[in-house]
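Novice: here's my sequence, what's the structure:
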Amino acid sequence: MRIAAIGLLAALLAGCATTGGGQTSATSTPPSPSLPGGSPDAEAAVASTYRAWPGVPTVIRNVTIYDGKGGRIDNGAVRFEGGKLAAVGRSVDEAGATVIDGAGKWVTPGIIDIHSHLGDYPSPGVPAHSDGNEITGPVRPEVWAIHSVWPQDPGFGRALAGGVTVLHVLPGSANLFGGRGATLKNVYGRTAQDMLMPGAPWSLKMACGENPKRVYGSRNQMPGTRMGNVAMTRQTWANARDYQAKLKTAKGPQKRDMQMETLAGVLDGKILVQHHCYRADEMANIIQLSKEFGYKVTAFHHAVEAYKINDLLKAEGICAALWADWWGFKMESYDGIQENLPFMHAAGGCAITHSDDADGIQRLNQETAKALGHGRRMGLEIRDEEAWTWLAINPAKALGIADKVGSLEPGKQADVVLWNGDPLSVYSRPEKVWVDGALLYDTNDPKRRPVSDFELGQPGEGDRK
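Specialist: Next up, the predicted model:
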(Lines give C-alpha, C1' and ligand atoms only; values in the text may rest on other atoms or scores of the structure.)
Protein backbone atom coordinates (compact mmCIF):
# COMPACT_ATOMS: atom_id res chain seq x y z
CA MET A 1 0.00 0.00 0.00
CA ARG A 2 1.02 3.60 -0.40
CA ILE A 3 -0.27 6.69 1.37
CA ALA A 4 -1.31 8.87 -1.54
CA ALA A 5 -0.14 12.22 -0.12
CA ILE A 6 3.55 12.50 -0.98
CA GLY A 7 4.33 14.89 1.87
CA LEU A 8 2.80 12.56 4.44
CA LEU A 9 4.63 9.58 2.97
CA ALA A 10 7.95 11.40 3.21
CA ALA A 11 7.29 12.27 6.84
CA LEU A 12 6.34 8.72 7.69
CA LEU A 13 9.39 7.29 5.95
CA ALA A 14 11.63 9.70 7.82
CA GLY A 15 10.42 8.31 11.12
CA CYS A 16 9.69 4.73 10.24
CA ALA A 17 12.51 3.36 12.36
CA THR A 18 10.78 4.39 15.59
CA THR A 19 7.28 4.40 16.97
CA GLY A 20 5.55 7.48 18.31
CA GLY A 21 6.95 6.82 21.77
CA GLY A 22 10.50 6.75 20.46
CA GLN A 23 10.82 3.01 20.89
CA THR A 24 12.77 1.19 18.23
CA SER A 25 10.36 -1.01 16.32
CA ALA A 26 10.50 -4.79 16.48
CA THR A 27 12.69 -6.69 14.10
CA SER A 28 13.00 -10.38 13.48
CA THR A 29 15.12 -12.42 15.85
CA PRO A 30 18.32 -13.36 14.02
CA PRO A 31 18.09 -17.05 13.12
CA SER A 32 20.79 -19.49 14.09
CA PRO A 33 23.57 -19.52 11.49
CA SER A 34 23.28 -23.19 10.67
CA LEU A 35 21.29 -26.36 11.04
CA PRO A 36 22.72 -29.52 12.63
CA GLY A 37 25.48 -30.82 10.44
CA GLY A 38 26.60 -27.34 9.44
CA SER A 39 23.94 -26.70 6.75
CA PRO A 40 22.91 -23.01 6.45
CA ASP A 41 19.63 -22.00 8.05
CA ALA A 42 17.09 -21.31 5.28
CA GLU A 43 15.27 -18.68 7.36
CA ALA A 44 18.39 -16.49 7.40
CA ALA A 45 17.92 -15.90 3.67
CA VAL A 46 14.36 -14.63 4.15
CA ALA A 47 14.69 -12.41 7.21
CA SER A 48 12.06 -9.79 7.97
CA THR A 49 12.92 -6.15 7.25
CA TYR A 50 9.69 -4.92 8.84
CA ARG A 51 9.75 -1.62 10.70
CA ALA A 52 6.68 -0.27 12.44
CA TRP A 53 5.33 2.98 11.03
CA PRO A 54 5.39 5.90 13.49
CA GLY A 55 2.42 6.62 15.70
CA VAL A 56 1.46 8.85 18.61
CA PRO A 57 0.11 8.04 22.08
CA THR A 58 -3.62 7.54 21.55
CA VAL A 59 -6.66 7.04 23.77
CA ILE A 60 -10.05 5.94 22.48
CA ARG A 61 -12.79 6.36 25.09
CA ASN A 62 -16.54 5.86 25.52
CA VAL A 63 -16.54 2.79 23.28
CA THR A 64 -17.81 -0.77 23.43
CA ILE A 65 -14.76 -3.02 23.45
CA TYR A 66 -14.49 -6.62 22.24
CA ASP A 67 -11.14 -7.71 23.62
CA GLY A 68 -10.65 -10.54 21.10
CA LYS A 69 -10.59 -13.25 23.80
CA GLY A 70 -14.34 -13.30 24.38
CA GLY A 71 -14.58 -10.37 26.78
CA ARG A 72 -16.59 -7.18 26.48
CA ILE A 73 -16.32 -3.78 28.14
CA ASP A 74 -19.17 -1.32 27.76
CA ASN A 75 -18.31 2.37 27.82
CA GLY A 76 -14.65 1.44 28.00
CA ALA A 77 -11.35 2.93 26.89
CA VAL A 78 -8.07 1.81 25.39
CA ARG A 79 -4.67 3.48 25.37
CA PHE A 80 -1.71 2.63 23.17
CA GLU A 81 1.71 4.19 22.72
CA GLY A 82 5.13 3.17 21.54
CA GLY A 83 3.48 0.67 19.21
CA LYS A 84 2.04 -1.32 22.14
CA LEU A 85 -1.22 -1.48 24.02
CA ALA A 86 -0.75 0.29 27.35
CA ALA A 87 -4.13 -0.01 29.10
CA VAL A 88 -7.65 -1.35 28.48
CA GLY A 89 -10.54 -0.87 30.89
CA ARG A 90 -13.39 1.33 32.04
CA SER A 91 -11.04 4.28 32.02
CA VAL A 92 -7.38 4.88 31.19
CA ASP A 93 -4.80 7.59 31.75
CA GLU A 94 -5.25 10.21 29.02
CA ALA A 95 -2.19 12.32 29.81
CA GLY A 96 -0.11 13.26 26.78
CA ALA A 97 -2.33 11.33 24.37
CA THR A 98 -4.43 12.16 21.36
CA VAL A 99 -7.94 11.49 22.67
CA ILE A 100 -10.71 10.17 20.42
CA ASP A 101 -14.24 10.17 21.79
CA GLY A 102 -15.87 7.06 20.34
CA ALA A 103 -19.37 7.41 21.78
CA GLY A 104 -21.66 4.94 19.99
CA LYS A 105 -18.72 3.14 18.40
CA TRP A 106 -16.84 -0.14 18.94
CA VAL A 107 -13.17 -1.06 19.32
CA THR A 108 -11.74 -4.48 18.48
CA PRO A 109 -8.33 -6.00 17.85
CA GLY A 110 -7.30 -5.96 14.22
CA ILE A 111 -8.75 -8.82 12.20
CA ILE A 112 -6.36 -11.69 11.44
CA ASP A 113 -7.01 -13.65 8.24
CA ILE A 114 -5.33 -17.03 8.52
CA HIS A 115 -5.96 -17.98 4.88
CA SER A 116 -5.22 -15.41 2.21
CA HIS A 117 -3.67 -15.38 -1.24
CA LEU A 118 -3.23 -11.61 -1.52
CA GLY A 119 0.00 -10.79 -3.28
CA ASP A 120 0.31 -14.32 -4.72
CA TYR A 121 -2.95 -14.02 -6.68
CA PRO A 122 -3.14 -10.22 -6.85
CA SER A 123 -5.50 -7.92 -8.71
CA PRO A 124 -5.83 -7.66 -11.63
CA GLY A 125 -6.40 -11.40 -11.73
CA VAL A 126 -4.51 -12.20 -14.92
CA PRO A 127 -2.27 -15.18 -15.80
CA ALA A 128 0.84 -13.03 -15.44
CA HIS A 129 -0.03 -12.58 -11.76
CA SER A 130 -0.94 -16.20 -11.04
CA ASP A 131 1.90 -17.17 -8.69
CA GLY A 132 0.25 -19.19 -5.91
CA ASN A 133 0.57 -22.77 -7.20
CA GLU A 134 3.82 -24.39 -8.30
CA ILE A 135 2.03 -27.05 -10.35
CA THR A 136 5.16 -28.87 -11.48
CA GLY A 137 4.89 -31.75 -9.03
CA PRO A 138 2.69 -32.79 -6.11
CA VAL A 139 5.51 -32.43 -3.57
CA ARG A 140 6.84 -28.86 -3.57
CA PRO A 141 7.67 -27.94 0.05
CA GLU A 142 10.76 -26.06 -1.11
CA VAL A 143 8.80 -23.09 -2.50
CA TRP A 144 7.92 -20.12 -0.29
CA ALA A 145 4.78 -18.04 -0.82
CA ILE A 146 6.60 -14.86 0.20
CA HIS A 147 8.71 -15.06 -2.94
CA SER A 148 5.55 -14.57 -4.98
CA VAL A 149 4.04 -11.75 -2.90
CA TRP A 150 3.58 -8.57 -4.94
CA PRO A 151 3.39 -5.68 -2.45
CA GLN A 152 1.59 -3.53 -5.01
CA ASP A 153 -1.52 -5.73 -4.88
CA PRO A 154 -4.45 -3.30 -4.40
CA GLY A 155 -6.08 -6.00 -2.29
CA PHE A 156 -3.88 -5.15 0.69
CA GLY A 157 -5.39 -1.68 0.95
CA ARG A 158 -8.90 -3.02 0.51
CA ALA A 159 -8.29 -5.54 3.28
CA LEU A 160 -6.97 -2.81 5.58
CA ALA A 161 -10.16 -0.85 4.97
CA GLY A 162 -11.98 -3.96 6.17
CA GLY A 163 -10.06 -4.00 9.46
CA VAL A 164 -7.48 -6.67 8.54
CA THR A 165 -4.13 -5.91 10.18
CA VAL A 166 -2.44 -9.34 9.89
CA LEU A 167 -2.82 -11.89 7.11
CA HIS A 168 -1.30 -15.28 6.45
CA VAL A 169 -0.45 -15.71 2.77
CA LEU A 170 -0.39 -19.32 1.63
CA PRO A 171 0.46 -21.16 -1.58
CA GLY A 172 -2.50 -22.67 -3.39
CA SER A 173 -3.90 -26.16 -2.91
CA ALA A 174 -2.95 -27.96 -6.11
CA ASN A 175 -0.20 -29.94 -4.40
CA LEU A 176 0.01 -32.36 -1.51
CA PHE A 177 2.88 -30.21 -0.22
CA GLY A 178 2.37 -26.70 -1.54
CA GLY A 179 5.21 -24.81 0.14
CA ARG A 180 5.71 -22.38 2.97
CA GLY A 181 3.21 -19.73 4.01
CA ALA A 182 4.11 -16.35 5.50
CA THR A 183 2.45 -14.08 8.06
CA LEU A 184 2.39 -10.42 7.01
CA LYS A 185 1.57 -7.18 8.72
CA ASN A 186 -0.85 -5.29 6.50
CA VAL A 187 1.33 -2.25 5.92
CA TYR A 188 2.90 -0.54 2.96
CA GLY A 189 6.17 -2.21 2.01
CA ARG A 190 8.47 -1.86 -0.96
CA THR A 191 9.28 -5.56 -0.63
CA ALA A 192 7.41 -8.49 0.80
CA GLN A 193 10.06 -8.76 3.51
CA ASP A 194 9.08 -5.23 4.61
CA MET A 195 5.66 -6.71 5.47
CA LEU A 196 6.88 -9.96 7.02
CA MET A 197 5.82 -10.14 10.68
CA PRO A 198 8.88 -10.51 12.93
CA GLY A 199 8.80 -13.58 15.12
CA ALA A 200 5.91 -15.28 13.33
CA PRO A 201 6.59 -18.96 12.58
CA TRP A 202 6.65 -20.15 9.00
CA SER A 203 3.98 -22.58 7.94
CA LEU A 204 3.75 -25.50 5.54
CA LYS A 205 0.71 -25.56 3.29
CA MET A 206 -0.56 -29.06 2.62
CA ALA A 207 -3.65 -30.31 0.80
CA CYS A 208 -5.72 -33.45 0.51
CA GLY A 209 -8.83 -34.38 -1.42
CA GLU A 210 -9.95 -33.43 -4.90
CA ASN A 211 -7.39 -30.80 -5.85
CA PRO A 212 -4.15 -32.82 -5.94
CA LYS A 213 -5.78 -35.90 -7.46
CA ARG A 214 -7.53 -33.81 -10.11
CA VAL A 215 -4.44 -31.79 -11.09
CA TYR A 216 -2.06 -34.74 -11.33
CA GLY A 217 -4.52 -37.51 -12.19
CA SER A 218 -5.49 -35.51 -15.27
CA ARG A 219 -1.85 -35.83 -16.33
CA ASN A 220 -1.98 -39.59 -15.81
CA GLN A 221 0.46 -39.40 -12.94
CA MET A 222 0.32 -40.03 -9.22
CA PRO A 223 -1.67 -39.04 -7.23
CA GLY A 224 -4.82 -39.76 -9.16
CA THR A 225 -6.89 -41.03 -6.24
CA ARG A 226 -7.36 -40.32 -2.56
CA MET A 227 -5.37 -43.42 -1.72
CA GLY A 228 -2.64 -42.04 -3.98
CA ASN A 229 -2.76 -38.78 -2.02
CA VAL A 230 -2.18 -40.59 1.26
CA ALA A 231 0.50 -42.91 -0.13
CA MET A 232 2.58 -40.05 -1.54
CA THR A 233 2.14 -37.97 1.58
CA ARG A 234 3.19 -40.90 3.74
CA GLN A 235 6.28 -41.69 1.67
CA THR A 236 7.32 -38.04 1.71
CA TRP A 237 7.19 -37.92 5.50
CA ALA A 238 9.15 -41.18 5.67
CA ASN A 239 11.83 -39.59 3.49
CA ALA A 240 11.82 -36.54 5.72
CA ARG A 241 12.32 -38.68 8.81
CA ASP A 242 15.36 -40.31 7.18
CA TYR A 243 16.76 -36.90 6.23
CA GLN A 244 16.22 -35.55 9.73
CA ALA A 245 18.04 -38.50 11.28
CA LYS A 246 21.00 -38.18 8.92
CA LEU A 247 21.23 -34.44 9.49
CA LYS A 248 21.36 -34.80 13.25
CA THR A 249 24.23 -37.28 13.11
CA ALA A 250 26.18 -35.52 10.37
CA LYS A 251 29.62 -34.28 11.39
CA GLY A 252 30.11 -31.69 8.65
CA PRO A 253 28.26 -29.58 6.08
CA GLN A 254 25.73 -31.54 4.07
CA LYS A 255 24.37 -31.12 0.56
CA ARG A 256 21.35 -28.84 0.78
CA ASP A 257 17.91 -30.33 0.10
CA MET A 258 15.37 -27.49 0.19
CA GLN A 259 12.39 -29.82 0.23
CA MET A 260 13.69 -31.78 3.16
CA GLU A 261 14.78 -28.68 5.09
CA THR A 262 11.17 -27.50 5.21
CA LEU A 263 9.84 -30.92 6.19
CA ALA A 264 12.51 -31.34 8.87
CA GLY A 265 11.42 -27.96 10.24
CA VAL A 266 7.91 -29.34 10.63
CA LEU A 267 9.15 -32.49 12.33
CA ASP A 268 11.24 -30.34 14.68
CA GLY A 269 8.14 -28.34 15.60
CA LYS A 270 9.42 -25.06 14.13
CA ILE A 271 7.10 -24.88 11.10
CA LEU A 272 3.31 -25.08 11.53
CA VAL A 273 1.15 -27.26 9.28
CA GLN A 274 -1.83 -25.48 7.71
CA HIS A 275 -3.78 -28.22 5.93
CA HIS A 276 -6.39 -27.74 3.22
CA CYS A 277 -8.95 -30.51 3.78
CA TYR A 278 -12.73 -30.70 3.34
CA ARG A 279 -14.09 -34.09 4.36
CA ALA A 280 -14.25 -35.47 7.88
CA ASP A 281 -12.85 -38.87 6.89
CA GLU A 282 -9.85 -37.29 5.20
CA MET A 283 -9.09 -35.07 8.16
CA ALA A 284 -9.10 -38.22 10.31
CA ASN A 285 -6.67 -39.86 7.86
CA ILE A 286 -4.32 -36.90 8.10
CA ILE A 287 -4.45 -36.95 11.89
CA GLN A 288 -3.40 -40.61 11.80
CA LEU A 289 -0.51 -39.74 9.48
CA SER A 290 0.61 -36.93 11.76
CA LYS A 291 0.74 -39.33 14.69
CA GLU A 292 2.66 -41.91 12.66
CA PHE A 293 5.41 -39.42 11.82
CA GLY A 294 5.31 -37.26 14.92
CA TYR A 295 4.18 -33.88 13.62
CA LYS A 296 1.13 -31.78 14.45
CA VAL A 297 -1.56 -30.27 12.23
CA THR A 298 -2.12 -26.75 13.53
CA ALA A 299 -5.30 -26.06 11.55
CA PHE A 300 -7.49 -27.63 8.91
CA HIS A 301 -8.56 -25.05 6.36
CA HIS A 302 -12.00 -24.95 4.70
CA ALA A 303 -12.94 -28.10 6.66
CA VAL A 304 -16.57 -27.98 5.55
CA GLU A 305 -17.26 -31.21 7.46
CA ALA A 306 -15.55 -30.12 10.68
CA TYR A 307 -18.92 -30.25 12.43
CA LYS A 308 -18.92 -34.04 12.01
CA ILE A 309 -15.71 -34.45 14.01
CA ASN A 310 -15.53 -31.32 16.13
CA ASP A 311 -14.95 -33.46 19.22
CA LEU A 312 -11.93 -35.10 17.54
CA LEU A 313 -10.52 -31.76 16.43
CA LYS A 314 -10.94 -30.35 19.93
CA ALA A 315 -9.26 -33.39 21.49
CA GLU A 316 -6.31 -33.08 19.12
CA GLY A 317 -6.01 -29.32 19.63
CA ILE A 318 -6.54 -28.62 15.94
CA CYS A 319 -8.19 -25.39 14.84
CA ALA A 320 -10.76 -25.28 12.04
CA ALA A 321 -10.46 -22.31 9.66
CA LEU A 322 -13.83 -22.06 7.97
CA TRP A 323 -16.05 -20.14 5.59
CA ALA A 324 -19.39 -18.89 6.81
CA ASP A 325 -21.48 -20.50 4.09
CA TRP A 326 -19.50 -21.66 1.05
CA TRP A 327 -20.62 -25.11 -0.02
CA GLY A 328 -21.64 -27.21 -3.02
CA PHE A 329 -19.12 -25.88 -5.54
CA LYS A 330 -17.51 -29.34 -5.79
CA MET A 331 -18.39 -32.76 -4.45
CA GLU A 332 -16.20 -32.65 -1.37
CA SER A 333 -17.91 -29.42 -0.32
CA TYR A 334 -21.45 -30.77 -0.68
CA ASP A 335 -21.97 -31.55 3.00
CA GLY A 336 -21.06 -28.05 4.13
CA ILE A 337 -23.51 -26.41 6.51
CA GLN A 338 -23.99 -22.80 7.54
CA GLU A 339 -23.70 -23.69 11.22
CA ASN A 340 -20.18 -25.13 10.90
CA LEU A 341 -18.39 -22.28 12.69
CA PRO A 342 -20.81 -22.00 15.63
CA PHE A 343 -20.95 -25.78 16.04
CA MET A 344 -17.15 -25.87 16.28
CA HIS A 345 -17.23 -23.08 18.84
CA ALA A 346 -20.05 -24.63 20.87
CA ALA A 347 -18.09 -27.90 21.08
CA GLY A 348 -15.28 -26.00 22.79
CA GLY A 349 -13.01 -26.12 19.76
CA CYS A 350 -10.90 -23.49 18.02
CA ALA A 351 -13.13 -21.90 15.37
CA ILE A 352 -11.73 -19.40 12.86
CA THR A 353 -13.38 -17.34 10.13
CA HIS A 354 -11.14 -17.19 7.05
CA SER A 355 -11.48 -15.66 3.61
CA ASP A 356 -9.48 -17.49 0.92
CA ASP A 357 -10.79 -14.70 -1.25
CA ALA A 358 -9.73 -11.18 -2.25
CA ASP A 359 -13.29 -9.90 -1.81
CA GLY A 360 -14.21 -11.89 1.29
CA ILE A 361 -11.19 -10.57 3.19
CA GLN A 362 -12.76 -7.11 3.00
CA ARG A 363 -15.81 -8.16 5.04
CA LEU A 364 -14.76 -10.91 7.41
CA ASN A 365 -16.80 -9.21 10.12
CA GLN A 366 -19.93 -9.82 8.03
CA GLU A 367 -18.94 -13.42 7.33
CA THR A 368 -18.63 -13.97 11.07
CA ALA A 369 -22.02 -12.33 11.65
CA LYS A 370 -23.66 -14.62 9.09
CA ALA A 371 -22.32 -17.76 10.74
CA LEU A 372 -23.26 -16.46 14.19
CA GLY A 373 -26.82 -15.82 13.02
CA HIS A 374 -27.14 -19.32 11.57
CA GLY A 375 -25.92 -20.78 14.86
CA ARG A 376 -28.46 -18.81 16.84
CA ARG A 377 -31.25 -20.03 14.61
CA MET A 378 -30.17 -23.54 15.61
CA GLY A 379 -30.35 -22.64 19.27
CA LEU A 380 -26.66 -21.95 19.89
CA GLU A 381 -26.48 -18.91 22.15
CA ILE A 382 -23.07 -17.46 21.39
CA ARG A 383 -22.40 -13.89 22.47
CA ASP A 384 -21.16 -11.35 19.94
CA GLU A 385 -17.89 -10.85 21.81
CA GLU A 386 -17.30 -14.62 21.83
CA ALA A 387 -17.75 -14.78 18.06
CA TRP A 388 -15.06 -12.12 17.66
CA THR A 389 -12.53 -14.72 18.87
CA TRP A 390 -12.99 -16.31 15.44
CA LEU A 391 -11.26 -13.27 13.93
CA ALA A 392 -8.77 -12.50 16.68
CA ILE A 393 -7.23 -14.77 19.30
CA ASN A 394 -8.09 -18.06 17.57
CA PRO A 395 -6.28 -17.31 14.28
CA ALA A 396 -3.45 -15.82 16.34
CA LYS A 397 -3.12 -19.13 18.22
CA ALA A 398 -3.15 -21.12 14.98
CA LEU A 399 -0.39 -18.91 13.55
CA GLY A 400 1.78 -19.06 16.66
CA ILE A 401 1.51 -15.30 17.29
CA ALA A 402 -1.01 -15.14 20.16
CA ASP A 403 1.68 -13.67 22.42
CA LYS A 404 1.95 -10.69 20.08
CA VAL A 405 -1.51 -9.98 18.62
CA GLY A 406 -5.09 -11.24 18.66
CA SER A 407 -6.37 -9.50 21.77
CA LEU A 408 -6.46 -6.10 23.42
CA GLU A 409 -4.09 -6.68 26.32
CA PRO A 410 -1.32 -4.43 27.68
CA GLY A 411 2.02 -5.25 26.13
CA LYS A 412 0.64 -6.65 22.90
CA GLN A 413 1.10 -4.95 19.55
CA ALA A 414 -1.36 -2.10 19.04
CA ASP A 415 -3.34 -3.49 16.11
CA VAL A 416 -6.62 -1.71 16.76
CA VAL A 417 -9.82 -1.03 14.80
CA LEU A 418 -12.37 1.68 15.60
CA TRP A 419 -15.72 0.74 14.06
CA ASN A 420 -18.41 3.32 13.36
CA GLY A 421 -21.02 0.94 14.79
CA ASP A 422 -21.60 -2.64 15.83
CA PRO A 423 -18.90 -4.56 13.93
CA LEU A 424 -21.27 -7.49 13.40
CA SER A 425 -23.74 -5.29 11.55
CA VAL A 426 -23.79 -5.08 7.77
CA TYR A 427 -24.17 -1.32 8.18
CA SER A 428 -20.87 -0.86 10.04
CA ARG A 429 -17.37 -0.40 8.75
CA PRO A 430 -13.95 0.46 10.14
CA GLU A 431 -13.54 4.17 10.73
CA LYS A 432 -9.89 4.04 11.72
CA VAL A 433 -7.28 1.24 11.67
CA TRP A 434 -3.97 1.26 13.53
CA VAL A 435 -1.13 -1.22 12.95
CA ASP A 436 1.50 -1.27 15.69
CA GLY A 437 -0.01 1.98 16.93
CA ALA A 438 0.33 3.77 13.58
CA LEU A 439 -2.87 5.17 12.05
CA LEU A 440 -2.76 3.69 8.54
CA TYR A 441 -6.41 3.98 7.53
CA ASP A 442 -8.96 6.70 8.23
CA THR A 443 -12.22 6.67 6.32
CA ASN A 444 -12.64 10.40 7.04
CA ASP A 445 -9.19 11.35 5.73
CA PRO A 446 -8.52 10.75 2.02
CA LYS A 447 -4.78 11.02 2.73
CA ARG A 448 -4.97 7.92 4.89
CA ARG A 449 -6.71 5.62 2.44
CA PRO A 450 -3.95 3.43 1.01
CA VAL A 451 -3.39 3.43 -2.73
CA SER A 452 -0.91 0.94 -4.18
CA ASP A 453 1.80 1.87 -6.62
CA PHE A 454 -0.07 -0.06 -9.28
CA GLU A 455 -3.16 2.11 -8.82
CA LEU A 456 -1.43 5.48 -9.00
CA GLY A 457 -2.71 7.23 -12.08
CA GLN A 458 -5.26 4.53 -12.88
CA PRO A 459 -8.75 5.70 -13.88
CA GLY A 460 -11.11 5.98 -10.95
CA GLU A 461 -8.46 6.75 -8.36
CA GLY A 462 -8.70 10.53 -8.56
CA ASP A 463 -11.36 10.81 -5.88
CA ARG A 464 -9.19 8.93 -3.38
CA LYS A 465 -6.27 11.35 -3.35
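
Novice: three-state assignment of G102?
Specialist: At G102 the chain is in strand, as set by DSSP: H, G, I helix; E, B strand; the rest coil.

Novice: and L170, how far from G119?
Specialist: Relative to G119, L170 is positioned 11 Å away (CB to CB, to the nearest Å). Where C-beta positions appear, they are placed from N, C-alpha and C, glycine not excepted.

Novice: my bad, should have said C319
Specialist: Applying CB to CB, the value for C319 to G119 is 23 Å.

Novice: could you pull out the helices for the stretch 351-465 of the chain?
Specialist: Taking DSSP state H, counting those that start in this stretch, the helices of the stretch 351-465 of the chain run over residues 364-377, 384-387, 393-398.

Novice: nearest to F80 among those helices would be which one?
Specialist: The closest of the helices of the stretch 351-465 of the chain to F80 is helix 393-398. By CB to CB, the value is 17.2 Å.

Novice: quick check: mean pLDDT of that closest one?
Specialist: Averaging pLDDT along helix 393-398 gives 98.

Novice: kindly report the same for stretch 360-375.
Specialist: 98.

Novice: can you give me the buried ones in that stretch?
Specialist: For stretch 360-375, burial by neighbour count (16 or more other CB atoms under 10 Å) applies to 360-372, 374-375.

Novice: and which of those is nearest A182?
Specialist: I361 (15.7 Å).

Novice: so that closest one sits against I112, correct?
Specialist: No. Taking contacts as CB atoms under 8 Å, I361 lies outside contact range of I112: 10.9 Å.

Novice: give me the common contacts of the two.
Specialist: Among the neighbours of I361, those also in contact with I112 (CB atoms under 8 Å, 6 or more residues apart in numbering) are 164, 167.

Novice: quick one, helices of the protein?
Specialist: Applying DSSP state H to the chain gives helices spanning 6-14, 154-161, 210-217, 226-249, 258-267, 280-293, 310-316, 340-346, 364-377, 384-387, 393-398.

Novice: show me which positions of the third one end up buried.
Specialist: Judged by neighbour count (16+ other CB under 10 Å), helix 210-217 contains these buried residues: 210-213, 215-217.

Novice: likewise the fifth one?
Specialist: Residues of helix 258-267 classed as buried under the neighbour-count rule (16+ other CB under 10 Å) are 259-267.

Novice: what about the closest residue to G406 other than its chain neighbours, distance to A42?
Specialist: Leaving aside its chain neighbours, G406 sits nearest to A396 (2.8 Å; criterion: CB to CB, 6 or more residues apart in numbering). Distance check for A396 against A42: by CB to CB, it reads 24 Å.

Novice: export the helices of the chain to a markdown table and tack on distance to H147?
Specialist: As requested, the helices of the chain are exported to a markdown table (distance: least, CB to CB, whole Å):
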| stretch | distance to H147 |
| --- | --- |
| helix 6-14 | 25 |
| helix 154-161 | 17 |
| helix 210-217 | 21 |
| helix 226-249 | 21 |
| helix 258-267 | 12 |
| helix 280-293 | 26 |
| helix 310-316 | 32 |
| helix 340-346 | 32 |
| helix 364-377 | 26 |
| helix 384-387 | 35 |
| helix 393-398 | 23 |
